[in-house]
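> predicted model, plus sequence, below.
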Amino acid sequence: MNRVIISLLALSAIAFAAPAQGPAAYARPLGTKTLYTPGADTDAPIPDGYTAFFINYVGRHGARHATGTNEFSRLDQFLHEAETAGMLLPEGKRLAKMVHIIYEVEKNYPSGTLTEVGEAEQYRIGKDMGDRYPDVVRQPDNCLQIMSTPEIRTVQSAEYFLKGLASPSTCVEHTPDDSVRLRFFSLSPTYKSFEKKGAWRLAQTKLETADSYHTAGLSLLHRLFDSSLTAKLEAGAFETFPTPNAVMTAIYAAAVTAPGLRAELIKAGHKPEDADVFSILSVKEATELAFVDGAKDYFVKGPGLDAAGIQVRVAAPLLADFIQSTDQWLASGKSGADLRFAHAETIAPFAALMGCEGSAISVADPAHYDQVWNCAQVMGYSANIQWIFYRPRDGKGDYLLKVLYNEHAIHLPVVTRQFPYYSWKDVRAYYLQKLHELNADPGRDMFTYLKDLQ
């Protein structure tokens, strides 16, 4: 076993097994920055006479560095000036040190690239797939189709996933910069407008002005800053942080970034707990910050207030591609995998459009969205959806499908008598009908679909 693999496996253990640090040891609510926890697939026996032969896959990139350091720079400068002016309380001084450490570490790495933990996440998922389905992806005649968006973090994710997959395939095709199928959210003008000024903003404002959030925010600020600084924040005296909520959002961003930097912090001579912002927050404060932060993702990328809204329908090109590519693989008779590497904005609406359990229910009251949707589970780092296909060895009978979400077998909105295995004929008919109702039948020009989507 070479050094790269040893390093990745060691980091995998750090990423998945490390206990919470600091005096306030509790489960950190990291939202979309939640580090990946691999599932165990399923112990359900494969139906007699069937064998796996094809995997259709889409996954989010692994844990990454910040896509920009401006927010950390502003918070670092704000806290430094406050400390110089003697306006920080002891907990505020602790926070200032932590934010400075995070900022200094992040400055050393290209924006948006994978952290070492993120590399380990992707390696582990690829290794799991190879170990579980060696006849599908680890034979020389297995074919692999690899697709990604142009961002370096998705390209890196494909690279480390393939290292873990360890396939000797001589039939490999790469399709970089696949924006229509994987970055559909960036190509629809109407969706971009919805993202900026949709009706969801009223629901978001309701949560941001709720008494529970306001109370938690004041509790935190009064423990960090003296009364004069808190008063200035509430009066909007700072251009960089015009509201108390803006400071709280920046603090939460620092808190959720640090866990993915464990290896980089250690390399810089720090202990992970030196940057554990969550150790400063009470459970109530952390919960409220995560709740409000995750709400926007639910409204804009998940089922939100309308499970048939544009934020879900925008994912139709990817669902159509899953159907088309599956049809092509089944017709070819080849074994292998279609592997797609994308973003949180890809996974969440795709899961909602599929009707995956835990990802497809809308709410009327935004205050209760967390009862039907968990941001960390739906679209945390390296979140992935796998369609595992089985064919009858004698060539007779229907193909079977098992769907894994984060390597856990899940239910689909289709009837089956042998969960987690579904009749592909039934699943295909269900999704084709859904796509037809959206005017997004497979084979349509999906670029035009996205431009015309209302």
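Arrived safely, thanks for sending. Numbers count the residues shown, from 1 in each chain.

> which element is the residue nearest to residue 418 when sequence neighbours are not counted on?
Leaving aside its sequence neighbours, residue 418 sits nearest to residue 47 (CB to CB, 6 or more residues apart in numbering; 6.2 Å). For the C-beta atoms, the positions are set from N, CA and C on the backbone; glycine is no exception. Using DSSP states H and E, residue 47 is not contained in any helix or strand.

> does residue 47 touch residue 399 like I think?
No: if you go by CB atoms under 8 Å, residue 47 and residue 399 don't touch, sitting 11.3 Å apart.

> common neighbours of those two, please.
Common neighbours of residue 47 and residue 399 (criterion: CB atoms under 8 Å, 6 or more residues apart in numbering): residue 390.

> more neighbours: which of those two?
Neighbour count, other CB atoms under 10 Å: between residue 47 and residue 399, residue 399 has more, with 19 against 12.

> hang on, residue 291 packs against residue 371?
No: the pair residue 291 and residue 371 does not pass the contact test of CB under 8 Å, sitting 11.4 Å apart.

> higher neighbour count, those two?
residue 291 (20 against 10).

> for the more buried one, helix, strand, or coil?
Classification of residue 291 using DSSP: H, G, I helix; E, B strand; the rest coil returns helix.

> do residue 153 as well
Here residue 153 is recorded as helix under three-state DSSP.

> give me the number of residues near the closest residue to it other than its chain neighbours?
Excluding the flanking residues, the one nearest residue 153 by CB to CB, 6+ apart is residue 61, at 4.3 Å. The number of residues packed near residue 61 is 31, by other CB under 10 Å.

> OK, contacts around residue 61?
By CB under 8 Å, 6+ apart, the contact set of residue 61 is 114, 118, 122, 151, 153-154, 156-157, 341-343, 381-382.

> so which of the residues you listed wins on neighbours?
Counting neighbours by other CB under 10 Å, the top entry in the contacts of residue 61 is residue 122, with 33 neighbours.

> from residue 154, how far off is that residue?
Relative to residue 154, residue 122 is positioned 10 Å away (CB to CB, to the nearest Å).

> and what of residue 201?
When distance is defined by CB to CB, residue 201 is 29 Å away from residue 154.

> and for residue 452?
Distance, residue 452 to residue 154, by CB to CB: 27 Å.

> how about residue 212?
In terms of CB to CB, residue 212 sits 37 Å off from residue 154.

> and for residue 186?
According to CB to CB, residue 186 and residue 154 sit 13 Å apart.

> show me where the stretch 101-250 of the chain has helices.
Under the criterion DSSP state H, counting those that start in this stretch, the stretch 101-250 of the chain carries helices at the ranges 116-132, 134-137, 152-165, 179-182, 189-197, 200-208, 211-224, 227-234, 244-257.

> looking at those helices, which is nearest to residue 323?
Among these, helix 179-182 comes nearest to residue 323, with 11.9 Å by CB to CB.

> which regions of the protein sit below the pLDDT cut-off?
The chain contains residues with pLDDT under 70 at 1-25.

> nearest residue to residue 210 in space, ignoring adjacent ones along the chain?
Nearest residue to residue 210, sequence neighbours excluded (CB to CB, 6+ apart): residue 367, at 7.1 Å.

> quick check: that neighbour is in a helix.
Yes: the assignment for residue 367 by three-state DSSP puts it in a helix.

> contacting residues for it?
Counting by CB under 8 Å, 6+ apart, residue 367 makes contact with 206, 207, 210.

> one more: residue 67?
Each residue near residue 67 by CB under 8 Å, 6+ apart is listed here: 111, 112.

> how much space separates it from residue 158?
Shown here: residue 67 relative to residue 158, a distance of 19 Å by CB to CB.
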